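K.L.:
sharing a sequence plus its predicted fold:
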Amino acid sequence: MCSTRPSAMRRLLKACAAVAMAATLAIAGLSVLAHASADAMTCDSDTPYVGGLDQLAGWGLLFQEEYDDADPDPELLPAWDYSEEEFSIGTYDDASAALVQGRGFLDFLRPWTDYATVTRLSVMAGSVTLSYRRNEGGRYFVEIAPDSALVYLGKTHILPGRPRGWAQRDHVASAPLPLVFGEWYEVAVIGDGATIEVLIDGVSVLTFVDPDPWLEGGIGFETIGDAPHVIVDFVRAWCPGTAE
């Protein structure tokens, strides 16, 4: 005899809805993923990087999530792993961006190696960390906290036998940068082996060389602080050439 708690039933219903929606999107040809395989790191050379970062010239599209014309509810994002505790995603304004409220996370776990991620966002309250090379053991993260006047690059190690929220967090680099609540910023993270570079609005703000690096992983973000409230316009990833 087994029982299903209400929270477990909600997760089951959400999972079923996600599977159904994924099938609908696939049939309609509306998949939000830019890569052909769930696991392969494949760059789309037909969609080259266009923007202000010289480091990404000639790179191809690896992944994108746009919020211009779609409802960004998690049921419509079956590829993402997300938390449910105190966390909600909805539309902002005229559905031109995703509105993320409460504490929680979104993860897109993939065995990607050297790539760049570019996210356009605005922090209205609290703070947000953008994950890079997120894997089962940990991640790098860029912390955007307008009330701290600093931008942090951090690294986590998930503690054995604990949920992902129980992780050792270390700030490995920081840079003074007075950010403002409600302003839009484009945050880029570029990895080249053990070297991680962070750029904000096209300007390199810090570079860190890790003596014991995470060398692969996916992307994501986590909202933290007191009643966090974050608006996300887009999330994109780029890679140099075509890799398997």
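P.N.:
Done, it's in.

K.L.:
now Gln55, what's its secondary structure?
P.N.:
Judged by DSSP: H, G, I helix; E, B strand; the rest coil, the three-state class of Gln55 is helix.

K.L.:
that one is in contact with Ile190, isn't it?
P.N.:
Yes: here Gln55 reaches Ile190: they are 5.9 Å apart, a contact under C-beta atoms under 8 Å. Backbone N, C-alpha and C define where each C-beta goes, glycine included.

K.L.:
so which of the two has more stuff around it?
P.N.:
Ile190 (22 against 15; other C-beta atoms under 10 Å).

K.L.:
and the helix or strand encompassing Val118, what does it pack against?
P.N.:
Assigned by DSSP states H and E, Val118 belongs to strand 116-134. For strand 116-134, the elements it packs on are strand 104-108, strand 138-145, strand 184-192, strand 218-239, judged by 3 or more C-beta pairs under 8 Å, 6 or more residues apart in numbering; DSSP states H and E.

K.L.:
tell me the mean pLDDT over the last one?
P.N.:
Okay, so that is strand 218-239. Mean pLDDT, strand 218-239: 90.

K.L.:
and this protein, what are its domains?
P.N.:
Structural domains assigned to the chain are 1-31, 33-239, following automatic domain parsing.

K.L.:
weakest of these in terms of mean pLDDT?
P.N.:
The weakest mean pLDDT among the domains of the chain belongs to domain 1-31, with a mean of 33.

K.L.:
pick the most buried one from the helices and strands packed on strand 116-134.
P.N.:
Neighbour counts (mean count of other C-beta atoms under 10 Å) averaged over each of the helices and strands packed on strand 116-134 peak at strand 138-145, with a mean of 24.

K.L.:
tell me the angle of it relative to strand 116-134?
P.N.:
On the basis of axes from the mean of the first three to the mean of the last three C-alpha atoms, to 10 degrees, strand 138-145 is oriented at 130 degrees to strand 116-134.

K.L.:
partners of strand 138-145, with directions?
P.N.:
Sheet pairing of strand 138-145 (DSSP bridges) gives strand 116-134 (antiparallel), strand 150-158 (antiparallel).

K.L.:
in a markdown table: the ones you listed, plus mean neighbour count.
P.N.:
As requested, those are exported to a markdown table (neighbours: other C-beta atoms under 10 Å):
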| stretch | mean neighbour count |
| --- | --- |
| strand 116-134 | 23 |
| strand 150-158 | 19 |
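
K.L.:
need those strands in a markdown table (columns: distance to Ser45).
P.N.:
Below are the strands paired with strand 138-145 laid out as a markdown table (distance: least, C-beta to C-beta, whole Å):
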| stretch | distance to Ser45 |
| --- | --- |
| strand 116-134 | 15 |
| strand 150-158 | 30 |
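
K.L.:
distance of Ala173 relative to Arg103?
P.N.:
According to C-beta to C-beta, to the nearest Å, Ala173 and Arg103 sit 24 Å apart.

K.L.:
should've said Trp112
P.N.:
Counting by C-beta to C-beta, the separation of Trp112 from Arg103 is 26 Å.

K.L.:
between the two, who's got more neighbours?
P.N.:
Between Trp112 and Arg103, counted using other C-beta under 10 Å, Trp112 has the larger neighbour count: 27 against 18.

K.L.:
run through the residues that contact that one.
P.N.:
By C-beta atoms under 8 Å, 6 or more residues apart in numbering, Trp112 lies in contact with Met41, Leu62, Arg133, Glu216, Gly217, Gly218, Ala237, Cys239.
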